[in-house]
Each structure stands twice: as structure tokens, then as C-alpha cells.
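Visitor: show me how the following folds:
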Amino acid sequence: MAKQSKSFRVGRVRGDLRAKVWYLTYYDQGQRHRPRIGSDLDEARRQAAEINSQLENGAPISSAFQSIKISELRERWLEHHETVVRSSLKTIARYRSATNHLIAFLVDSRVSASTGQFRIEHAERFVKHLRSITISPNGHPHSAKRPLRDKGLRYILEVCRSMFHFAVQRRHLPPYADNPFSALQIEKIPTEDSKPIVIFSSGQEQDFLRTADDWQFPIFLTLMLTGLRPGELSHLYWPDDVNNELQAIVIRNRPQLGWQVKTRTERLIPLPAVLLEVINSHALNRRAGTLFQRRRFNCKQAPLLAGCSIEALEKELQLRIMRREAESDRPLTRVDRQQICQTVWRDAGMIKTDYIRTSFMQICSKAGLKGFTSPKMLRHLFATTLQEGRVDPLIRNELMGHSTKATSRSNPLGMTATYTHTRPATMRDQLERALKDRPGIAIAEEWLTNR
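Guide: Take a look at the predicted model:
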């Protein structure tokens with residue numbers, strides 16, 4: 001009987017028999033590949049001929065992908081956002097929370113947990129799973145649970161789609177296989193049960209401001225008349241970010257202190273004269289520090305880093321980082337450094353955004369304003385005021401801190417935005433016309449008179 005050959009070649013592909021198992025060897029784009037086929041010689045020759053044809057035609061190689069566990073894919077994807085894209089820590093945390101639902105689904109439903117075997121029908125089963133679960137809206141274990149809203153469902157699916165797009169780019173899906181989440185047509189899923197956004201009426205705005213105490217009033221008046229995000233307000237620094245000459249506040253990125261604007265876009269917001277006077281009155285007799293400070297700080301009790309300039313805060317931060325590195329047996333992560341940054345801001349007097357929210361709810365409760373639970377509503381109120389005041393769309397984008405890039409979906413001006421620049425005087429004129437009839441202006445004048 002003829003002795004079986006231990007190797008063969010089909011064009012650019014070589015087959016080798018090792019311990020009764022056939023392996024194929026070939027080079028694709030300078031990389032060596034050696035897939036394991038099995039003990040059948042005919043199957044090894046068939047696959048060798050298929051791969052050789054794909055190599056000759058420049059087509060994707062059917063065996064040139066690495067199927068990995070979806071849990072491992074998630075960690076690689078999050079690591080990519082951490083070290084390469086440098087997404088914010090909050091963004092990464094949201095991505096992790098969203099993909100937790102997919103990992104839990106894979107465990108409970110016994111669907112294949114590998115990228116090479118996750119199909120469109122599995123993604124559809126995942127959608128049905130999301131519609132059947134209940135969640136805690138604020139993440140607290142003791143809060144009342146409710147079904148996942150359509151907007152939250154869409155966000156989870158969009159995040160999973162992005163993660164599998166990363167898998168396609170890294171060849172963790174079979175060649176010619178589509179992203180299983182792309183076939184769901186996520187954009188066409190209707191949003192039928194979203195929580196309605198309700199803003200203050202003129203009377204409710206007056207009731208809210210008249211109920212606020214002297215510590216709360218400057219904070220919420222500023223949110224009302226500038227449209228700031230609560231995080232932006234809590235990181236304003238006195239006197240650096242209040243420009244009395246331009247009668248405006250400046251929203252800045254401070255990456256050296258672990259703080260950046262959500263869109264990374266710095267902006268200048270003109271202030272109505274009465275609001276500027278309220279802010280200056282609020283910060284009277286203070287050398288430096290966060291513009292709005294925690295309630296317990298006053299003329300008798302000051303923050304630990306009261307009076308420190310931004311440069312002094314940066315030096316203090318470096319000292320604390322060096323101290324922590326000396327005490328730690330491992331390199332500091334971004335999370336570690338961010339925690340140290342938060343201690344510096346805390347010692348400068350910064351108000352936590354969670355406390356701004358609880359204060360907002362306390363005022364609404366005292367004023368008998370039901371259904372208002374988030375200070376973000378004041379940002380909606382500001383945007384609506386700009387719309388009703390017929391403020392130019394480009395100026396609206398700039399005042400709100402939205403992206404004005406030509407590729408942004410939030411920008412209606414297209415390429416025109418790239419070539420259009422707004423003079424501060426034009427921005428001030430349109431903003432003052434939009435705000436002139438707001439109840440907050442008259443109430444702020446009363447507040448200043450009664451101080």
C-alpha cells in the first residue's frame with residue numbers, strides 16, 4: 001500500500017500533516033497563517049484550493065479571522081476607548097453598563113458567547129430580552145423598577161453595534177459576515193414611551209425663583225439664563241471665568257485638573273447685566289476658588305484650598321499624585337488620577353452635581369411644582385427661549401455648547417458653519433432680546449435690592 005504523503009501544495013497554500021492532523025500554511029498581507037483543518041486529506045485539499053483562489057483574487061480569506069468570546073471583545077473595545085480614543089471615564093462607564101445587558105443575556109439564554117457564532121437572529125432575541133426586563137432608572141438598588149424605555153433600548157443596541165463594528169475591523173467576525181446589530185435597523189425603532197420634557201411656565205419660573213434661598217438663587221438663576229450644564233457650572237472658577245470687561249462667563253477645558261467640557265468645545269456666554277451683578281455680589285470678598293461653593297462655606301468657614309489660583313491647584317494636584325504613586329505598589333490608572341482630581345476640586349469648594357439636583361427637587365417641592373426632578377430642564381428652558389426669541393441657529397449652537405462641525409447632526413447649517421464666525425456684540429444683542437421678558441430678570445433685581 002502506498003505511503004500517504006505528509007505534505008502537499010496548492011498554489012500559495014501548503015498543507016502539512018502533524019500527528020494525524022492537517023494544517024494549512026499561507027501568507028496574507030505579510031502575516032503567516034496556519035489554520036488547523038482536521039484528519040481528512042480531501043477536506044484539507046478543498047480548503048487549500050478555496051484559500052488559494054481567495055489569495056489570487058485579493059478577496060478576504062474565509063479562515064483568516066479570530067473568533068473570541070464576546071466578553072473578551074468588550075474588554076478589548078473598552079481598552080481601545082481608554083488608551084487610544086481617550087474617551088471620557090463617564091462615557092466608558094456608560095458603554096460598560098450598556099454592554100452588561102448583552103453579557104447577562106448571553107449567560108441567561110445560553111446563546112453562543114463567541115463573535116464567530118453570534119448571528120442576526122441572536123441580536124433579535126436580545127431585543128426581545130431587553131423589552132422584557134425591568135431596571136432601576138437611577139441605578140439605586142432600592143428605587144422602584146420599571147421597563148426599559150425605547151430610548152434606552154436604542155442606546156444599548158447602538159453601543160453593541162459599535163462594539164461589533166470594532167470586531168469587524170479586528171477580524172473577529174467571519175469574512176463576508178455582517179455586523180449582526182446593523183441588520184436591526186436601529187434608527188427605525190420608534191420611540192413611543194419616552195418621558196415627556198416639560199418646562200416651566202412663566203408663573204412656575206417665578207414661583208421657583210421666589211422659593212429659592214440666598215444660596216440657591218444665584219446658582220439656579222445662572223442655570224436658567226445661560227443654559228449651562230450642571231457640571232460646567234460647578235467647575236466655574238472665580239475670578240478667571242467671569243469676564244467683567246466683556247460681561248460674560250467663559251466655559252473652559254481644564255484637562256490638567258481632570259475637567260473637560262462634554263463636547264470639548266470652549267465657549268463664551270454673554271451675561272445679562274443683572275445676572276452679572278448677582279454673580280459679583282455672590283462672590284464678593286473672595287480672592288479665588290470655585291465660583292459657586294458648597295453651602296457650609298461662608299465668610300467664617302472657607303474651603304481647604306480657598307484663595308488658590310488655578311496654577312496653585314495644578315501644583316497641588318501634582319503633589320497629591322506623586323504622594324499617591326509613592327504609597328502605591330502599582331501605576332495609577334486614569335480612574336485613580338480622576339479621583340485625586342476630584343479631591344482637589346472638592347477642597348477648592350466645588351458643589352457636586354448630585355447636590356444641585358437634590359436642591360432643585362427641594363425647591364420644586366416647597367414651591368408645589370410637581371413633576372420636575374432634573375435641573376437639566378433649565379437647559380431645555382434656555383434653548384426654548386432662544387428658539388422663541390428667534391436667535392440665529394449658529395448662535396444657538398454656540399451658546400448651548402453643541403458642536404458646530406459640518407459633520408454634526410445637531411448643526412443645520414452644514415459647511416456654512418465652518419466659514420461663519422459670530423461677533424460677541426451680535427451674540428449679546430440676540431441673547432438680550434431673547435431674555436428681556438424672562439421673569440428671572442425682574443426677580444433678580446428684587447433679590448439684589450433686598451440683600
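
Visitor: need the pLDDT of Gly116.
Guide: Note for Gly116: predicted pLDDT of 80.

Visitor: got any ranges where the stretch 151-300 of the chain has weak pLDDT?
Guide: Under the criterion pLDDT under 70, the flagged ranges of the stretch 151-300 of the chain are 175-176, 299.

Visitor: at 50 what do you get?
Guide: Within the stretch 151-300 of the chain, not a single segment meets pLDDT under 50.

Visitor: which residues in it form helices?
Guide: Taking DSSP state H, counting those that start in this stretch to define them, one finds helices in the stretch 151-300 of the chain at 202-211, 216-226, 230-234, 273-282.

Visitor: what residues does the longest one touch?
Guide: Spelled out, it's helix 216-226. 205, 208-209, 212, 228, 230, 233, 249, 269, 271-272, 275, 278-279, 281-282, 292, 351, 356, 359-360, 363, 375, 378-379, 381-382, 435, 438, 440-441, 443-444, 447 (Cβ atoms under 8 Å, 6 or more residues apart in numbering). (Each C-beta comes from the backbone N, C-alpha and C, glycine too.)

Visitor: how does it look with 7 Å?
Guide: 209, 212, 228, 233, 249, 269, 272, 275, 278-279, 282, 292, 356, 359-360, 363, 375, 378, 381-382, 435, 440, 444, 447 (Cβ atoms under 7 Å, 6 or more residues apart in numbering).

Visitor: make JSON lines from the helices of the stretch 151-300 of the chain and add mean neighbour count and distance to His33 to it.
Guide: What follows is those, written out as JSON lines (neighbours: other Cβ atoms under 10 Å; distance: least, Cβ to Cβ, whole Å):
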{"stretch": "helix 202-211", "mean neighbour count": "17", "distance to His33": "66"}
{"stretch": "helix 216-226", "mean neighbour count": "23", "distance to His33": "58"}
{"stretch": "helix 230-234", "mean neighbour count": "21", "distance to His33": "49"}
{"stretch": "helix 273-282", "mean neighbour count": "17", "distance to His33": "65"}
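
Visitor: closest one to Ile70 among these?
Guide: helix 230-234 (32.6 Å; Cβ to Cβ).

Visitor: show me what that closest one is packed against.
Guide: helix 216-226, helix 353-367 (3 or more Cβ pairs under 7 Å, 6 or more residues apart in numbering; DSSP states H and E).

Visitor: and the angle for the last one with helix 202-211?
Guide: Using axes from the mean of the first three to the mean of the last three Cα atoms, to 10 degrees, the inter-axis angle of helix 353-367 relative to helix 202-211 is 110 degrees.

Visitor: report the angle between helix 353-367 and helix 216-226.
Guide: 100 degrees.

Visitor: for helix 353-367, which positions count as buried?
Guide: By 16 or more other Cβ atoms under 10 Å, the buried positions in helix 353-367 come out as 356, 359-360, 363-364, 367.

Visitor: tell me the gap between the next helix-or-strand element following that helix and the middle of its chain.
Guide: Remark: after helix 353-367, the chain's next helix or strand is helix 376-388, criterion DSSP states H and E. Offset of helix 376-388 from its chain centre (Cα atoms, centre = their mean, to the nearest Å): 21 Å.

Visitor: show me what helix 376-388 is packed against.
Guide: For helix 376-388, the packing partners by 3+ Cβ pairs under 7 Å, 6+ apart are helix 216-226, helix 393-400, helix 424-435.

Visitor: between these, which gets nearest to Leu184?
Guide: Using Cβ to Cβ, these put helix 393-400 closest to Leu184, at 31.0 Å.

Visitor: which strands and helices lie in contact with that closest one?
Guide: By 3+ Cβ pairs under 7 Å, 6+ apart, helix 393-400 packs against helix 376-388, helix 424-435.

Visitor: can you put those in TSV and add distance to Thr191 and mean neighbour count?
Guide: Shown next, in TSV, are those (distance: least, Cβ to Cβ, whole Å; neighbours: other Cβ atoms under 10 Å):
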stretch	distance to Thr191	mean neighbour count
helix 376-388	17	18
helix 424-435	29	17
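
Visitor: looking at those helices, which one has the lowest mean pLDDT?
Guide: For the helices and strands packed on helix 393-400, where the average pLDDT is lowest is helix 424-435, sitting at a mean of 84.

Visitor: tilt between that helix and helix 376-388?
Guide: 100 degrees.

Visitor: what residues sit buried inside the helix or strand following helix 424-435?
Guide: The helix or strand immediately downstream of helix 424-435 is helix 439-450, counting by DSSP H and E. For helix 439-450, burial by neighbour count (16+ other Cβ under 10 Å) applies to 439-441, 443-444, 447.

Visitor: and the angle for helix 439-450 with helix 273-282?
Guide: Using the same axes, to 10 degrees: helix 439-450 against helix 273-282 is 40 degrees.

Visitor: packing partners of helix 439-450?
Guide: helix 202-211, helix 216-226, helix 273-282.

Visitor: CSV for those helices, including distance to Glu75?
Guide: Below are these laid out as CSV (distance: least, Cβ to Cβ, whole Å):
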stretch, distance to Glu75
helix 202-211, 45
helix 216-226, 38
helix 273-282, 46
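
Visitor: nearest to Leu106, of those?
Guide: helix 216-226 (42.1 Å).

Visitor: let me know the angle separating that closest one from helix 393-400.
Guide: Going by the same axes, to 10 degrees, helix 216-226 makes 160 degrees with helix 393-400.

Visitor: follow-up on the earlier one: can you tell me which of the helices and strands packed on helix 230-234 is nearest to Glu56?
Guide: helix 353-367 (59.9 Å).

Visitor: contact partners of that closest one?
Guide: For helix 353-367, contacts defined as Cβ under 7 Å, 6+ apart pick out 207-208, 211-212, 216, 219-220, 230-231, 234, 372-375.

Visitor: same check, this time on stretch 43-50
Guide: 8, 10, 13, 15, 22, 24, 37, 62.

Visitor: ditto for stretch 97-111
Guide: By Cβ under 7 Å, 6+ apart, stretch 97-111 touches 70-71, 74, 113, 122, 125-126, 129-130, 155-156, 159-160, 163.

Visitor: now stretch 333-351
Guide: 82, 89, 234-235, 257-258, 289-290, 292-294, 297, 303-306, 308, 313, 316-317, 320-321, 324.

Visitor: check stretch 309-325 too.
Guide: Residues contacting stretch 309-325 (Cβ under 7 Å, 6+ apart): 237, 240, 256-257, 288, 305, 308, 332, 336-337, 340-341, 343-344, 348.

Visitor: now stretch 328-345: average pLDDT?
Guide: On average, stretch 328-345 scores 90.
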